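Student: Model the structure of this input:
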Amino acid sequence: MLIFRQLIDPQSSTYTYLLADSATREAVLIDPVFEQVRRDTALIKELGLRLLYTIDTHVHADHVTGAWMHKRRSGSQIAISAASGAEGADRYLNHGDRCEFGTRYLEVRATPGHTNGCISLALDDGTMMFTGDCLLIRGTGRTDFQHGDAHAMFRAIHSQIFSQPDTCLLYPAHDYRGLTVTSVGEERSFNPRLGGELCEDDFVGYVTNLRLPHPKQIDIAVPANLKCGVAASDPTQAAEPEWAPLVYTFAGIWEIGPQWLEDNMRSVQIVDVREPDEFNGPLGRIPAARLISLGNLAARAEELTKDRPIVTVCRAGGRSAQATVILRQAGFNDVANLAGGMLRWRAEGRVVENGSE
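Tutor: Numbering: from 1, shown residues only. Next up is the predicted model:
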């Protein structure tokens, strides 16, 4: 069984794709974004996967790849087209190569035109293809910089993408309207740049007159991506909290385990965000916990100090997760959620006040 997730970077409208073999738990990540490495790492960890490769479909001009950061964090290998001109990859891909993960693989298809090093990736069973910035949903990549070639793009789309079954689902590297997926049959019929009876000259005339501004990040992104995203500093790593061994979840919440909190409860502010009847109810409460119900937290945040970290608590960890968001919005940086809440705390036999057996 295939594990598949489609992720997005809202800033650049970039899609990142995670694919894994459910039997072996081996995974690949297509077009990772530097700023989203922490998020993607959390998902990979939560799903119990081992990242083998990051694969960039081309040298991006609108964001910096997360390939180097993933390699630094998990030991994954960096893969990119041999024609890309990028330095520092572990594997350079050519047309027809296979990127294997467990019993599955992605086949490399050379699809130049947006850049001379663009590739698309076809899943082994013909059901999915990842088209990078070559073929978009009812559109195509631009061809006016980075050795772009409208003629080459038209031919690559017809020979390498439209040669797939009509039912093959196509996943692009970008979409700026919130669209997520299309198919070969749809694009062959309805793509306004090359669908229906449009010929190569029609396509070339269309894309060479798009008159688009250059991407805002091009002067930063292209040099960095030609080095596979290598950075002199690591802002995501530098931002890791140091006051406790926290875990970052895919939901974007920092969490702390019960054992650490029990051992260090006097060094933090414990804020219980349940209602008063729960705080005084049979589950009990953590010693030194302060009751500020979630609905009142924003208005009463000023009662807390920024001199000590805050751990939020509720029945099962849901309301207290939202409490961390509220507190961060109020300017508190050292905040974490108690994983599992009072249910887990009691299940592990940890100390409580006012609780029933």
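
Student: So which residues make contact with stretch 200-208?
Tutor: For stretch 200-208, the external contacting residues (C-beta atoms under 8 Å, 6 or more residues apart in numbering) are 140, 142, 143, 144, 150, 151, 153, 154, 155, 192, 193, 194. For the C-beta atoms, the positions are set from N, CA and C on the backbone; glycine is no exception.

Student: Filter the residues you listed down to the buried ones.
Tutor: Neighbour counting with 16 or more other C-beta atoms under 10 Å marks 140, 142, 143, 150, 153, 154, 155, 193, 194 as buried within the contacts of stretch 200-208.

Student: how close does residue 42 get to residue 252?
Tutor: As judged by C-beta to C-beta, to the nearest Å, residue 42 and residue 252 stand 8 Å apart.

Student: Now do the shared contacts for those two.
Tutor: With C-beta under 8 Å, 6+ apart, residue 42 and residue 252 have no common neighbours.

Student: The two: who's more crowded?
Tutor: Neighbours per residue, other C-beta atoms under 10 Å: of residue 42 and residue 252, the larger number sits with residue 42, 17 against 12.

Student: Okay, and the more buried one sits in which element?
Tutor: Here residue 42 sits within helix 37-46, counting by DSSP states H and E.

Student: And the contacts of the longest helix seen in the chain?
Tutor: Longest helix in the chain, counting residues (DSSP state H): helix 318-329. Contact with helix 318-329 is made by 251, 253-255, 271, 273-274, 294, 297-298, 301, 304, 310, 312-314, 335-338, 341, as judged by C-beta under 8 Å, 6+ apart.

Student: How far off centre is that helix?
Tutor: On the basis of C-alpha atoms, centre = their mean, to the nearest Å, helix 318-329 is displaced by 22 Å from the centre of the chain it belongs to.

Student: The helix or strand just after that helix pairs with which strands, and in what direction?
Tutor: Counting by DSSP H and E, the next helix or strand C-terminal to helix 318-329 is strand 335-338. Partner strands and pairing direction for strand 335-338 (DSSP bridges) are strand 254-256 (parallel), strand 310-313 (parallel).

Student: which residue ranges form the helices in the stretch 251-357 of the chain?
Tutor: Ranges of helices in the stretch 251-357 of the chain, per DSSP state H, counting those that start in this stretch, are 258-264, 276-279, 294-300, 318-329, 341-347.

Student: Dump these to JSON lines, plus mean pLDDT and distance to residue 26.
Tutor: Shown next, in JSON lines, are those (pLDDT from 0 to 100; distance: least, C-beta to C-beta, whole Å):
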{"stretch": "helix 258-264", "mean pLDDT": "95", "distance to residue 26": "31"}
{"stretch": "helix 276-279", "mean pLDDT": "95", "distance to residue 26": "44"}
{"stretch": "helix 294-300", "mean pLDDT": "95", "distance to residue 26": "41"}
{"stretch": "helix 318-329", "mean pLDDT": "94", "distance to residue 26": "30"}
{"stretch": "helix 341-347", "mean pLDDT": "94", "distance to residue 26": "31"}
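
Student: Just send the ones you listed back as a markdown table, with distance to residue 80 and mean neighbour count too.
Tutor: Converted to a markdown table, the helices of the stretch 251-357 of the chain look like this (distance: least, C-beta to C-beta, whole Å; neighbours: other C-beta atoms under 10 Å):
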| stretch | distance to residue 80 | mean neighbour count |
| --- | --- | --- |
| helix 258-264 | 40 | 15 |
| helix 276-279 | 53 | 14 |
| helix 294-300 | 46 | 14 |
| helix 318-329 | 36 | 19 |
| helix 341-347 | 43 | 19 |
